[in-house]
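Novice: Here you go, sequence then predicted model.
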Amino acid sequence: MAYTKGGNGGTTAGGNGNGREATSNGRTKASTPTMSKKKAIGYNGTTSHQVLDISSTVDFATKEAIPKKVEVTNDGNIPIMLMVGYESYSAEGTDGDAQYLHTLLPPGETFVPPLRAVIRTDEATEATIMDGTAVTNETPNSALKVDSGANVKNDTLNNTTDPVNFGVTVSASANSNHIRVGDLIRIENEIMEVIGTYEDDPTSSSLVEGDIRCKRGSHGSTNAAHSDDPDIYFPLFNQYHDYDKFTVVQTDSSGNYRSTNFPANAAIGRAGSGVVGIVPGSVSIKFYEPGYQTLSMSGVHSGTNSGLEASTEYGFDITVDGAGLLTSDYMKFTVDSSNLTFGSGANSVLSKIQAVLDEYYYKNGSAILGERVTVGIVDGDIRFTSGQHLSTSAILLAAPSGGETSMFGVGRIPTIGLVNSPVSAKLPDDVLYDKVTYNTSPNTGVFVYDDGNGNLFGVGSGSVNYETGAIDMHGCPYNAEFVTNCLHKSAFSGKLTEVTDGRTNTLLNIYANCPSQKWNGSVHVKTY
């Protein structure tokens, strides 16, 4: 909750304190409210004046849709008493009646109540965070799917009709309500897109209670008849590709990943009733660092002379992420006639090595086709790094097996027996330690976060749907596995709703009264 001073109406949505909002070029423009009304407020010892109602569960004459922001400004000469209504919760998933925060608003000040808020009435734990269920560094299910808790009803999907309506049966812990329009579901090896549910449109003549309607054979799967009450799963595969493109939950070679379900080890945030969804601001995703191997050197820089012979061909073998070279794969390069440095100039030794690694990355029939490797100078040593941020990514160097002259043991390069052991892929640490105080701080440079408004930022960008957990990530580490963190099934999770039973979590209404029995006050209410 915020107060701002000033008789001009105070701040506005996205504002800078002067009733204006910043634009991309640093200038400001006026922000136009969706609703603006003033009301004179007199003293009444029994009944207060309603100045805002966004609750469809109460029958008032005027209702407002859920706004992005509310401002209540005292534009009179005496204080105003405000009563701001929120749903009460005696426990995480147990809501009750509306409760009211009372505040005294001085003249010329603006009160900005939070939109997503509740009042906790359990006195024993009133200062305890309502975090719901925490998911911490969880690896998405290796089967690329999680059980929804629902089954196809009887033999209602024993056909190849497209699109198709079919019945859903549920377990005690699930409900067909948690299957939503826009979801992908997996039944055996068929991927389907949900285009309608009875719960979303109970007046539809084509759906009966418990029914869903789906498009068939999506994302490279086959439209097939199903019988014997098959399970319904929420798929976790990368939906920018066919369902069987990858064997693990991962980004693609562009660093993109999309799923209509939150990637975890179970159906996160899904439920048929009560609190549902992801808590805004709780999402963080951490990606694997790739495996690598160094040559056990020191003090190397780009201009260091390699000691290799000019115009001479050298070779090496390499295994990338478990894929070893074929007999037709020869990692060989020819040193430039004049540039013998490791990294200086276009014809340096490392540029020659990188060129042959890139050649076999693109070469049809190569054992490392599509397995990217980079070579460079890191901390004074030469490092070969896997281009895949997978939990299994690894590099293993060896002397050449194709008859080439080995680069190992020549010039500055150690013999293969002295090369450092490979370093396996790993997850980066969650925290960093201060060198002086040893205090910890979040390792923010390795995560994707959500901003509480459905946007992702950090080492990637994109969006997340707090109601369903659907996520869309772009520009993240490429070919990367990851672990996820979030809070879900809390009073603050999912959509903003002022009406849904068991999960109301937004501002309901505001009343005003005047403490003076002999003078009227005034309020100016704006929504954005």
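Specialist: In hand now; what should we look at?
Novice: just the strands in the stretch 151-300 of the chain please.
Specialist: Here the stretch 151-300 of the chain has its strands, by DSSP state E, counting those that start in this stretch, at 164-170, 184-187, 190-197, 211-215, 231-235, 257-259, 284-287, 292-294.
Novice: so which of those gets nearest Arg383?
Specialist: Closest approach to Arg383 among these (Cβ to Cβ): strand 292-294, 4.8 Å. (Glycine included, C-beta is placed from N, CA and C.)
Novice: Determine which of the strands of the stretch 151-300 of the chain approaches Tyr314 most closely.
Specialist: Taking the strands of the stretch 151-300 of the chain one by one with Cβ to Cβ, strand 292-294 is closest: 17.4 Å.
Novice: I'd like the next helix or strand past the closest one.
Specialist: strand 313-320 (DSSP states H and E).
Novice: The strands of the stretch 151-300 of the chain into JSON lines, with extra columns for mean neighbour count, distance to Ser490 and mean pLDDT?
Specialist: Output for those, formatted as JSON lines (neighbours: other Cβ atoms under 10 Å; distance: least, Cβ to Cβ, whole Å; pLDDT from 0 to 100):
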{"stretch": "strand 164-170", "mean neighbour count": "19", "distance to Ser490": "23", "mean pLDDT": "88"}
{"stretch": "strand 184-187", "mean neighbour count": "23", "distance to Ser490": "25", "mean pLDDT": "97"}
{"stretch": "strand 190-197", "mean neighbour count": "21", "distance to Ser490": "24", "mean pLDDT": "94"}
{"stretch": "strand 211-215", "mean neighbour count": "21", "distance to Ser490": "27", "mean pLDDT": "92"}
{"stretch": "strand 231-235", "mean neighbour count": "23", "distance to Ser490": "20", "mean pLDDT": "95"}
{"stretch": "strand 257-259", "mean neighbour count": "23", "distance to Ser490": "21", "mean pLDDT": "98"}
{"stretch": "strand 284-287", "mean neighbour count": "24", "distance to Ser490": "16", "mean pLDDT": "98"}
{"stretch": "strand 292-294", "mean neighbour count": "21", "distance to Ser490": "40", "mean pLDDT": "97"}
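Novice: closest one to Asn158 among those strands?
Specialist: Set against Asn158 and scored by Cβ to Cβ, those come closest in strand 164-170, at 9.2 Å.
Novice: related to what we said a few turns ago, tell me which of the strands of the stretch 151-300 of the chain lies nearest to Ser386.
Specialist: strand 292-294 (6.6 Å).
Novice: Flag the shaky bits of this structure, pLDDT-wise.
Specialist: For the chain, the stretches flagged by pLDDT under 70 are 1-30, 55-62, 171-177, 202-205, 327-328.
Novice: any chance of the strands of the stretch 151-300 of the chain in JSON lines, plus distance to Tyr511?
Specialist: What follows is the strands of the stretch 151-300 of the chain, written out as JSON lines (distance: least, Cβ to Cβ, whole Å):
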{"stretch": "strand 164-170", "distance to Tyr511": "41"}
{"stretch": "strand 184-187", "distance to Tyr511": "45"}
{"stretch": "strand 190-197", "distance to Tyr511": "38"}
{"stretch": "strand 211-215", "distance to Tyr511": "42"}
{"stretch": "strand 231-235", "distance to Tyr511": "43"}
{"stretch": "strand 257-259", "distance to Tyr511": "44"}
{"stretch": "strand 284-287", "distance to Tyr511": "39"}
{"stretch": "strand 292-294", "distance to Tyr511": "64"}
